[in-house]
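> sequence and predicted structure are below.
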Amino acid sequence: MNGIRVSSDAPGVFFAVAAVAALMTLAIDGRPIVRQSCVVGLLSALAILMKSTNLALLPALGVSWIIAAVRSRARPTTAFASAASIGLILAIVLGPDLVHNLSTYGLATPMQEAVENRAKGRGFSDLYEAYRAFHPVAWGRWLFGEGLFIQGNWSFVLPIETITRLHWSVTEWATLGLAFPAAAFGLRRLIARVRRQAPEGLDGLAPGFDSLSTPLVCLAVCAGYYAALLYHALQSEMAWGRTTTGPWYASPAIPWFLMLVGVGASGWPRLVAPGFAAAIILLSLAAEQTSWWIQMLPVYSGGAFGWEALGRISSMQVWYLSTATCLASLAASLGLFGTVVWAISFASVEAEAVARSRAWITVDRRRDRVGASTTGLAVPSGRKLARRAPAAHDDESGDPPPWR
């Protein structure tokens, strides 16, 4: 409902989500950075070509590239080749469209609000004045909260307000759980720095992440879409006197926002965390189903209710899609969803993921190189290291420790 509204939205969401997945791989994987950069550049370019709001991916692309370059300790020539590959692919795919927009509209994108404002001579100073009268924090909460998860698209049928507000309250509280592992991580790094020891990581406090690169990229994606859509909202405020920016434009950021929310929920004490996760799921389903059956169905059926309304909706479909197939598809989708929830809930949480690379910022892992400069032995991942006095040459080693 959020993503597939017009022809370009569906592939735009698809390529944007795929691009972010590639950014995650670029940031934490150990494969050649140039090859990964080509994949990232192509997917990002296709996402932007399908939907110009996906320009919001560029900050996350920059963050991922910096992490990859530092993690892999890339030589200057390799780093330049990687950046050049991304830039060249973006230029080839987006160049013709960009040239056309600049020559036709004088703008990089043909956003109708920006075109309208440009035609009326409104510039940066007017945009700044609109920002001063705006409420960016409240709007951001609406964008990633009450307005984002359930929308009736252009039908202007909104979900039940009480459910969505409760849903967002639970989501906010769950996200605050990220503060616990973050505080623990910062405290342990401080203690390790004072004692001149290797920091111990998060030790299971954030089981959803095997690398600190992951939440950094997630935050960059969410921040990029927030900034891009804030600009869109300000342009529409200037053009029409009200904000017409729909929350569905942020659809590509949903998986990564929910990743942060889910791991935040897991950061709460064990007795509280499952309640947050269950409440988010159940409230989301409740808002979705009540929007469909109680609010949208009477509107789309011309004021009918019950079986009559469902029959009218079915009559607008092809002959083999009837009331029976509608109910069967609903039952099947809920059954599949329940199966997925059951499988995730009862999956073993003890299995240790295998590190694919020696990432320079990792959690829940010990690097084989920790302490190897003095013992000459590799330390198996996950083993506790024996306490030892700092060697005199530790800080002067030509190969700096991976946690620095």
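Received the coordinates, thanks.
> list the helices and strands the host helix or strand of Glu288 packs on?
Glu288 is part of helix 273-290, with elements assigned from DSSP states H and E. Secondary-structure packing of helix 273-290 (3 or more Cβ pairs under 8 Å, 6 or more residues apart in numbering; DSSP states H and E): helix 161-175, helix 254-266. In this view, the C-beta of every residue, glycine as well, is placed from N, C-alpha and C.
> for the helix or strand following it, name the packing helices and strands.
Under the assignment DSSP H and E, the closest C-terminal helix or strand after helix 273-290 is helix 297-300. Where contact means 3+ Cβ pairs under 8 Å, 6+ apart, helix 297-300 is packed against helix 306-315.
> and the helix it packs on, what does it pack onto?
When contacts are defined as 3+ Cβ pairs under 8 Å, 6+ apart, helix 306-315 packs onto helix 297-300, helix 323-345.
> okay if I get these as TSV plus mean neighbour count, distance to Ile191 and mean pLDDT?
Listed next are these as TSV, based on neighbours: other Cβ atoms under 10 Å; distance: least, Cβ to Cβ, whole Å; pLDDT from 0 to 100:
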stretch	mean neighbour count	distance to Ile191	mean pLDDT
helix 297-300	16	58	84
helix 323-345	11	34	88
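> of those, which is nearest Val170?
Closest of these to Val170 is helix 323-345, at 16.6 Å (criterion: Cβ to Cβ).
> report the distance from the closest one to the chain centre.
Chain-centre distance of helix 323-345: 25 Å, with Cα atoms, centre = their mean, to the nearest Å.
> that older thread, ok, which of the helices and strands packed on helix 306-315 comes nearest Leu43?
Smallest distance to Leu43 across those (Cβ to Cβ): 25.7 Å, for helix 323-345.
> just want the angle from the closest one to helix 273-290.
Put simply, helix 323-345 runs at 170 degrees to helix 273-290, going by axes from the mean of the first three to the mean of the last three Cα atoms, to 10 degrees.
> thinking again about what came up before, which of the helices and strands packed on helix 273-290 has the highest mean neighbour count?
For the helices and strands packed on helix 273-290, average neighbour numbers computed from mean count of other Cβ atoms under 10 Å are highest in helix 254-266, which has a mean of 21.
> which residues touch that one?
Applying Cβ atoms under 8 Å, 6 or more residues apart in numbering, the contact partners of helix 254-266 are 2, 17, 20, 144, 148, 171, 174-178, 206-209, 214-215, 217-219, 221-222, 273, 276-277, 280.
> report the buried members of the residues you listed.
Among those, those buried by neighbour count (16 or more other Cβ atoms under 10 Å) are 2, 17, 20, 144, 148, 171, 174-175, 177-178, 206, 209, 214-215, 217-219, 221-222, 273, 276-277, 280.
> of the helices and strands packed on helix 306-315, which is nearest Gln289?
Checking the helices and strands packed on helix 306-315 against Gln289 by Cβ to Cβ gives helix 323-345 as the closest, at 8.7 Å.
> counting by contacts, list what the closest one packs against.
Applying 3+ Cβ pairs under 8 Å, 6+ apart, one finds that helix 323-345 makes contact with helix 306-315.
> mean confidence score for the helix it packs on?
Across helix 306-315, the average pLDDT comes to 86.
> for stretch 51-67, same thing?
Stretch 51-67 comes out with an average pLDDT of 93.
> identify each buried residue in it, please.
Neighbour counts over stretch 51-67 (16+ other Cβ under 10 Å) mark 51-57, 59-61, 63-65, 67 as buried.
> centre of the chain to it, how far?
Centre to centre, stretch against its chain (Cα atoms, centre = their mean), the figure for stretch 51-67 is 11 Å.
> for stretch 39-56, same thing?
Chain-centre distance of stretch 39-56: 15 Å, with Cα atoms, centre = their mean.
> how about stretch 27-41?
Averaged C-alpha coordinates place stretch 27-41 at 19 Å from its chain's average position (Cα atoms, centre = their mean).
> please name the nearest non-neighbouring residue to Val63.
With sequence-adjacent residues excluded and distances taken as Cβ to Cβ, 6 or more residues apart in numbering, Val63 is closest to Ala220, at 4.3 Å.
> phi first, then psi, for the one you found.
With angles defined as degrees, to the nearest 10, Ala220 sits at phi -70, psi -40.
> pretty sure it sits against Leu57.
No: the pair Ala220 / Leu57 is not scored as a contact, 9.1 Å apart, by Cβ atoms under 8 Å.
> where does the stretch 251-400 of the chain dip in pLDDT?
The stretch 251-400 of the chain contains residues with pLDDT under 70 at 347-400.
> so what's Val221 up against?
Residues counted as contacts of Val221 (Cβ under 8 Å, 6+ apart) are Val20, Leu23, Ala56, Leu57, Ala60, Pro252, Ala253, Trp256, Phe257.
> tell me the one among those residues nearest to Leu90.
Checking those one by one against Leu90 (Cβ to Cβ), the nearest turns out to be Leu57, at 10.6 Å.
> show me the contacts for that closest one.
The contact partners of Leu57, taken as Cβ under 8 Å, 6+ apart, are Ala16, Ala19, Val20, Leu23, Ser44, Ala47, Ile48, Val221, Gly224, Pro252.
> who wins on neighbours among those residues?
Val221 (32 neighbours; other Cβ atoms under 10 Å).
> in three-state terms, label that one for me.
The three-state assignment at Val221 reads helix, by DSSP: H, G, I helix; E, B strand; the rest coil.
> ok, Pro215 touching Phe185?
No: counting by Cβ under 8 Å, Pro215 does not reach Phe185; the two are 10.8 Å apart.
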